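A.B. asks: predicted structure and sequence below. I'll ask about it afterward.
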Amino acid sequence: MCFSFEISIGTFIISWSISLYLLNKDLTNKQKQNVILLMIFSSIQLADAILWFNKMKKNIINYIVTSLVIPIILSLGIIYNNFVINKNNNNFKILVIISCLYMFFKFNGYSKSLCNNKLSSPIWGSKEINIIEFIIFAILITYPNWKLLIFIIFILYPLIKLLINGAIGSLWCAVANVLAFYYLYKYI
């Protein structure tokens with residue numbers, strides 16, 4: 001869904017607008033935490049928008065967004081889900097730390113555009129995310145929401161591979177808008 005600057009910034013604005021609207025409603029603590037996680041997660045769209053605005057040029061902006069901003073946002077989502085929402089009550093502590101550090105290694109470099117079709121998206125750090133990395137991140141960002149995890153692994157991932165065949169990290173962050181509208185429907 002991050003096919004251009006306009007779509008990335010639009011996704012960010014829609015997700016954050018719905019989130020801010022919901023945070024001003026009478027939500028339970030769990031609902032507020034879900035909305036805050038959505039805000040963290042959808043912030044990746046702003047990073048993608050910056051990459052698009054920069055036209056994926058191999059310069060300092062691309063390097064900083066790819067090597068620092070993207071891993072920070074992804075790490076914040078994992079940390080928030082595991083240590084705030086789940087109150088550190090799971091066995092993923094070491095995996096969380098290793099995964100957060102690994103993202104800085106994995107995405108160190110410059111993002112480039114997947115240009116093999118009209119559904120082009122940024123490939124962070126010019127390194128595609130493999131299935132194992134995808135599953136570990138999906139578990140850490142969704143646990144204990146098994147329904148969402150099953151949707152992401154068994155429906156979203158194959159759909160992305162079938163339709164686009166690349167830029168998995170950037171594209172599956174488009175889940176943000178789906179979650180935003182789901183929370184809007186469910187929480188009001």
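C.D. replies: Cool, got the structure.

A.B. asks: going by C-alpha atoms from here, please, whenever you check contacts or count neighbours.
C.D. replies: OK.

A.B. asks: okay, buried residues for stretch 123-137 please.
C.D. replies: For stretch 123-137, the neighbour count (16 or more other CA atoms under 10 Å) marks Ile123, Trp124, Gly125, Ser126, Glu128, Ile129, Phe134, Phe137 as buried.

A.B. asks: show residues contacting stretch 17-31.
C.D. replies: Lys32, Val35, Ile36, Leu38, Met39, Ile85, Ala180, Phe181, Leu184, Tyr187, Ile188 (CA atoms under 8 Å, 6 or more residues apart in numbering).

A.B. asks: farthest pair within the buried residues of stretch 123-137?
C.D. replies: Greatest spacing in the buried residues of stretch 123-137, by CA to CA: Ser126 and Phe137 (18.2 Å).

A.B. asks: which stretches of this protein have low pLDDT?
C.D. replies: Scanning the chain for pLDDT under 70 picks out 1-2, 115-120, 164-167, 169-174.

A.B. asks: longest helix of it?
C.D. replies: helix 5-23 (DSSP state H).

A.B. asks: which among the contacts of stretch 17-31 end up buried?
C.D. replies: Among the contacts of stretch 17-31, those classed as buried by 16+ other CA under 10 Å are Lys32, Val35, Ile36, Leu38, Met39, Ile85, Ala180.

A.B. asks: so which helix or strand takes in the second one?
C.D. replies: Yep, that's Val35 we're talking about. Using DSSP states H and E, Val35 sits in helix 29-42.

A.B. asks: re the thing from before, now the contacts of stretch 17-31 as JSON lines including distance to Ser17?
C.D. replies: As requested, the contacts of stretch 17-31 are exported to JSON lines (distance: CA to CA, whole Å):
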{"residue": "Lys32", "distance to Ser17": "14"}
{"residue": "Val35", "distance to Ser17": "11"}
{"residue": "Ile36", "distance to Ser17": "12"}
{"residue": "Leu38", "distance to Ser17": "11"}
{"residue": "Met39", "distance to Ser17": "9"}
{"residue": "Ile85", "distance to Ser17": "22"}
{"residue": "Ala180", "distance to Ser17": "9"}
{"residue": "Phe181", "distance to Ser17": "11"}
{"residue": "Leu184", "distance to Ser17": "11"}
{"residue": "Tyr187", "distance to Ser17": "14"}
{"residue": "Ile188", "distance to Ser17": "15"}
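
A.B. asks: of the buried residues of stretch 123-137, which belong to strands?
C.D. replies: Ile123 (DSSP state E).
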